[in-house]
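Q: mind looking at a prediction? Sequence and model below.
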Amino acid sequence: MIFIATCKMGLESVVARELSLLGIENIKKEDARVIFEGDFYTMAQACLWLRCAERLLLQVATFHAESFEELFENVRRLPLSQYFKRDTFIHVTGKSAKSTLFSVSDCQRIVKKAIVDNLKEAYNTQTLPETGERIIIEVGILHDEVTLALDACGAGLSRRGYRIRNYDAPIAESLGAGVLILSHFKPDMPLCDPMCGSGTMPIEAAMMAQNMAVGLQRSFAAETWHFIPHDCFELMRTQARDVRKNEKLLIFGSDIDERAISLSKQHAKNAGVMLNWQVMPIQKLDMSEYQKGILVCNPPYGERMLEKKDAEKLYRDMRKVFDKLPQGWSKNVITSHPDFERIYGKRADKRRNLSNGGKKCTLYTYMFER
């Protein structure tokens, strides 16, 4: 079977590497998605372990369509009864880009009608009650090429289950994990986030360090699919529990707002990790006890949380503070501010274009000095 792991632009290579480390082969990278092959146990494993992907889809079919008639007939001819029972509640989602069929709502309607006609014929019935399990099928069209796929997730893969409330402008869990991986975080190195907000990046780092499967505390839509082996998710969960480590964590999160730290502590407790939290302005940051480490932060962009001039003052203060860190520390900052380097006062050693909440962002990395 063919599966599609969707992701934020800029994280394709990270997701591909995650899949490779899981022992999954035949991996192909495309814009904002990674395609791979496997069975239902592979699917369950990917749901539990992918840190940086957004959704996981089971590909049903691909075909070319430039008209509603082509779309309808191609869907109507598919062997869909292997996925849908007579009473399955069918929910169609959609997206379209750079294609003749640009109206997503019309495409969803046509696909739903084609599926219904298909199943009526397959089950020799005139009624489909849709009172059973809910299955989400996505119709995606790009350059007139249609992909039909079943959504294995339900809630997106970012929804780990530990975040109960969000502090202002939180970074998505999947993106936070991506920043950590791109920053070359290793379990034996200290990590600090001096503007931790909801605590996402320190918690994601702790889960990496302890080899915790990020999907262990949540359920997935595919678990209710009648056509998968009944034990595949439970078997993968058992294996995930068996490989968790109890590493000592040198992971620090601080924030100027006491509410943020209170929330971070609750989220860490929910995730099952113990970290070092402190209410503290960034100007008071002192990591001189550790000669090497990784600093990550997602400072305000000057769009929602702070006025632009206040955010820019913060960037200048960051430079003063970060320059005092021991030479063995790398600094990694994600922001959408187009003039960050100029205001910060130093060009980054590396830049990675990413997306955060629909905004184009850049991860600026200042490498440690050897």
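A: Arrived safely.
Q: so where's this structure shaky on pLDDT?
A: 168-169, 301-306, 369-370 (pLDDT under 70).
Q: element containing the closest residue to Phe63 other than its chain neighbours, please.
A: Of all residues not flanking Phe63 in the chain, Asn74 sits nearest, at 4.5 Å (Cβ to Cβ, 6 or more residues apart in numbering). To be clear about C-beta, it is placed using only N, CA and C from the backbone, and glycine gets the same treatment. Using DSSP states H and E, Asn74 sits in helix 68-76.
Q: from what I can see the residue nearest to Phe63 touches Glu66, true?
A: No. In this structure, Asn74 is not within contact of Glu66 by Cβ atoms under 8 Å, at 11.3 Å.
Q: now for the residue nearest to Phe63: which residues touch it?
A: Shown in contact with Asn74 (Cβ atoms under 8 Å, 6 or more residues apart in numbering): Ala61, Phe63, Ala65, Ala114, Val146.
Q: tell me the SS of the residue nearest to the first one when sequence neighbours are not counted?
A: For Ala61, ignoring the flanking residues on the chain, the nearest one in space by Cβ to Cβ, 6+ apart is Leu148 at 4.9 Å. Of the three states, Leu148 takes strand according to DSSP: H, G, I helix; E, B strand; the rest coil.
Q: could you tell me whether Lys113 really is in a helix?
A: Yes. Assigned with three-state DSSP, Lys113 falls within a helix.
Q: adjust the sequence numbering to begin at 155 for everything that follows.
A: That works, and once the first residue is 155, the last one we named lands at Lys267.
Q: contact partners for it?
A: Shown in contact with Lys267 (Cβ under 8 Å, 6+ apart): Phe226.
Q: just checking, what packs against the longest strand belonging to the chain?
A: Ranked by residue count under DSSP state E, the longest strand found in the chain is strand 207-218. If you count contacts as 3 or more Cβ pairs under 8 Å, 6 or more residues apart in numbering; DSSP states H and E, strand 207-218 packs onto strand 156-161, helix 194-203, helix 222-230, strand 299-305.
Q: show me what counts as buried in that strand.
A: Buried positions in strand 207-218, judged by neighbour count with 16 or more other Cβ atoms under 10 Å: Ala207, Glu208, Arg209, Leu210, Leu211, Leu212, Gln213, Val214, Phe217.
Q: equivalent analysis for stretch 265-277, please.
A: Val265, Lys266, Ala268, Ile269, Val270, Asn272, Leu273.
Q: may I have it exported as PDB, CA atoms only?
A: Provided in PDB are the C-alpha atoms of stretch 265-277 (Å, rounded to 0.1, in the frame of the first residue of the first chain):
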ATOM      1  CA  VAL A 265     -16.800  12.700  -5.100                       C
ATOM      2  CA  LYS A 266     -19.400  12.000  -2.400                       C
ATOM      3  CA  LYS A 267     -22.100  11.400  -5.000                       C
ATOM      4  CA  ALA A 268     -19.800   9.000  -6.900                       C
ATOM      5  CA  ILE A 269     -18.900   7.100  -3.800                       C
ATOM      6  CA  VAL A 270     -22.600   6.700  -2.900                       C
ATOM      7  CA  ASP A 271     -23.500   5.500  -6.400                       C
ATOM      8  CA  ASN A 272     -20.500   3.100  -6.200                       C
ATOM      9  CA  LEU A 273     -21.600   1.600  -2.900                       C
ATOM     10  CA  LYS A 274     -25.300   1.300  -3.800                       C
ATOM     11  CA  GLU A 275     -24.300  -0.800  -6.700                       C
ATOM     12  CA  ALA A 276     -21.800  -2.800  -4.700                       C
ATOM     13  CA  TYR A 277     -24.300  -3.600  -2.000                       C
END
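Q: chain center to it, what's the gap?
A: Between the centre of stretch 265-277 and the centre of its chain there are 33 Å (Cα atoms, centre = their mean, to the nearest Å).
Q: and if you look at stretch 383-391?
A: 22 Å.
Q: what comes into contact with that stretch?
A: For stretch 383-391, the external contacting residues (Cβ under 8 Å, 6+ apart) are Phe194, Tyr195, Met197, Ala198, Gln199, Cys201, Leu202, Ala367, Leu370, Phe374, Ala376, Glu377.
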